[in-house]
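Q: Quick one: sequence plus predicted model below, questions after.
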Amino acid sequence: MSEYLGKLHETAIRFPDTDIWMDSCGEEELNYGLERGIVGATSNPIIVGSVIKNELATWEPRICALIDENPEADEDEIAWKLIDEIGALRSKKLLPIFREFQGKKGRLSIQTNAKYYRNTGKMVKQALHLNSLGENMQIKMPACEAGIAAMEEVTYQGVSINATVSFTVAQAVCVAEAVERGLKRRKAEGLPVDQMAPICTIMIGRTDDWMKEYIKKTGIVIEPEALEWAGVAVMKEAYRIFRERGYATRLLTAANRNQYHWSEFIGGDLAQTINYSWHKRLNACQVEVKDRIHDPVKEEYLQELNRLEEFHKAFDEKGMRPCEFETYGAFQATLDTFIAGYDDLCRLIRGYMIYPLPAPEPSLTKAAAATQAEAQLKTRQQI
C-alpha cells in the first residue's frame with residue numbers, strides 16, 4: 001500500500017515548496033485536505049454559498065439567528081456577517097500550520113466585496129476589517145488598477161494579500177511591485193514584515209477559457225491542444241520573472257481545467273489552490289509526480305498561441321497597462337461571475353428574511369423534515 005493518500009498528498013510530501021491548498025472553506029473539504037497535506041484554503045461569496053447549501057443543518061439556524069439578532073439589517077449586511085463568521089471559524093482549522101510555519105503557510109484567503117473593484121478606499125477599509133477576523137487571514141482583492149493601489153496600502157498596514165481576478169503576467173508583475181512598495185514603506189518605519197505572506201493568483205484555467213472564447217468570437221482556427229497550455233505558459237513566464245527579481249510575493253495557480261494545471265508546476269516555489277472535485281480526481285490519477293516547473297511549453301504550442309492577440313496581452317509583461325486590466329475579457333467574465341455569486345448568496349438570505357422558517361412539526365420524521373427543508377431551500381433559491 002502506498003504511503004501517500006493520492007498524488008496531491010505525494011506532491012505535498014515530496015515537494016514541500018509546492019504548497020497545495022483547498023479551494024474551499026467547507027468543513028468536509030478542509031478535513032479531507034488537511035489529511036493530505038494542504039497548507040492553505042480559499043473563500044469567496046460563491047464558495048460560502050456552496051458551504052451553506054452543503055452544511056445546511058449547521059448554517060440555516062445561524063442565518064435565522066443573525067436575522068433575528070439584527071432586525072434592521074438588510075440582506076447584504078447579513079451576508080457579510082455570515083461570510084465573516086464562516087471565514088473566522090474555518091481559519092482556525094489552519095492555525096496549527098500557520099503557527100508552525102510562522103505565518104508563511106496556513107492562511108485562509110477571504111475576499112473583499114467584488115463590487116468594490118473600482119474603489120480603492122472601500123477595498124482598503126474592508127480588507128482591514130477582514131484581516132481582523134483571525135491571525136491567519138489573507139485578503140483577496142482584484143488585480144485591477146484600484147485593487148493594486150489598495151494592495152500596496154494594506155501591505156503597508158501589515159495585511160498579507162492575495163491578488164485575485166488575475167490572468168496575466170502584466171497583472172502579476174504589477175501586484176508584486178505594489179507589494180514591494182508597501183513592504184518598503186513598512187521597513188522604513190521599522191515595522192515587522194517577517195511573518196507576512198503575500199500571494200498573487202493567476203487563474204490559469206480561466207486564461208484558457210478566455211482564449212477559447214476569443215477564438216469562437218473571431219473564428220480563428222488553431223491547434224486545440226495549444227489552448228490547453230495558454231495558462232501554463234503564462235504562469236511559467238510569470239514564475240521566471242518572479243524568481244529572477246526575487247519578489248516577496250509568491251505565485252498561486254487557480255481554476256484547474258486539466259491535469260497540466262497541477263503537474264506542470266510540481267517542484268516550483270509556489271502554491272496551488274485546487275477545488276474539492278479536482279483534489280479527488282488528481283489524487284486518483286496515474287500521472288507521475290515529478291519536478292516539471294522548468295519544463296518549457298512546446299514551441300509548436302507557443303507558435304499557435306502567439307497568433308492570438310489576447311495571448312500576447314496575457315503572456316507579455318508589457319501586454320497591458322494597469323488601466324486596461326479591468327477591460328480584459330477574462331477579468332470581465334470572472335468579475336461578473338463573482339458578483340453574480342454574491343447576488344445568489346444575498347438572494348438565499350433574502351428568502352429567509354421574507355419567508356421565515358415555520359416551526360417544526362413534532363410529528364415529522366427526520367427524513368420528512370429533511371425533505372421539507374430541502375423544498376424550502378429550493379423555494380428560497382428561486383426568489
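A: Here it is on my side, so go on.
Q: what's the helix or strand that contains Tyr32 packed up against?
A: If you go by DSSP states H and E, Tyr32 is part of helix 27-35. With contacts taken as 3 or more Cβ pairs under 8 Å, 6 or more residues apart in numbering; DSSP states H and E, helix 27-35 sits against strand 18-22, helix 276-283. (Glycine included, C-beta is placed from N, CA and C.)
Q: pLDDT value on Tyr352, please?
A: With respect to pLDDT, Tyr352 has a value of 95.
Q: quick one: the following helix or strand past the helix holding Tyr32 to chain centroid distance?
A: Following helix 27-35 in sequence order, the next helix or strand is strand 40-42 (DSSP H and E). Computed by Cα atoms, centre = their mean, to the nearest Å, the separation of strand 40-42 from the middle of its chain amounts to 8 Å.
Q: circling back: export the helices and strands packed on helix 27-35 to TSV and tack on mean pLDDT, mean neighbour count and distance to Leu335?
A: Formatted as TSV, the helices and strands packed on helix 27-35 follow (pLDDT from 0 to 100; neighbours: other Cβ atoms under 10 Å; distance: least, Cβ to Cβ, whole Å):
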stretch	mean pLDDT	mean neighbour count	distance to Leu335
strand 18-22	98	24	22
helix 276-283	98	19	22
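Q: Just send those back as JSON lines, with distance to Arg321 too.
A: Listed next are the helices and strands packed on helix 27-35 as JSON lines, based on distance: least, Cβ to Cβ, whole Å:
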{"stretch": "strand 18-22", "distance to Arg321": "30"}
{"stretch": "helix 276-283", "distance to Arg321": "33"}
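Q: Of all the ones you listed, which one is nearest Thr164?
A: strand 18-22 (13.0 Å; Cβ to Cβ).
Q: hey, where'd the strands end up in the stretch 1-150 of the chain?
A: With strands called from DSSP state E, counting those that start in this stretch, the stretch 1-150 of the chain shows them at 18-22, 40-42, 107-111, 137-142.
Q: TSV for the ones you listed, including distance to Gly182?
A: Shown next, in TSV, are the strands of the stretch 1-150 of the chain (distance: least, Cβ to Cβ, whole Å):
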stretch	distance to Gly182
strand 18-22	22
strand 40-42	21
strand 107-111	17
strand 137-142	12
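Q: Which of those strands sits closest to Ala188?
A: Nearest to Ala188, of the strands of the stretch 1-150 of the chain and by Cβ to Cβ, is strand 137-142 at 22.2 Å.
Q: Lys125 - how many residues pack around it?
A: 15 (other Cβ atoms under 10 Å).
Q: do Asp295 as well
A: With other Cβ under 10 Å as criterion, Asp295 counts 15.
Q: Let me see the contact set for it.
A: For Asp295, the contacting residues are Glu264, by Cβ atoms under 8 Å, 6 or more residues apart in numbering.
Q: State the distance from it to Met235.
A: As judged by Cβ to Cβ, to the nearest Å, Asp295 and Met235 stand 12 Å apart.
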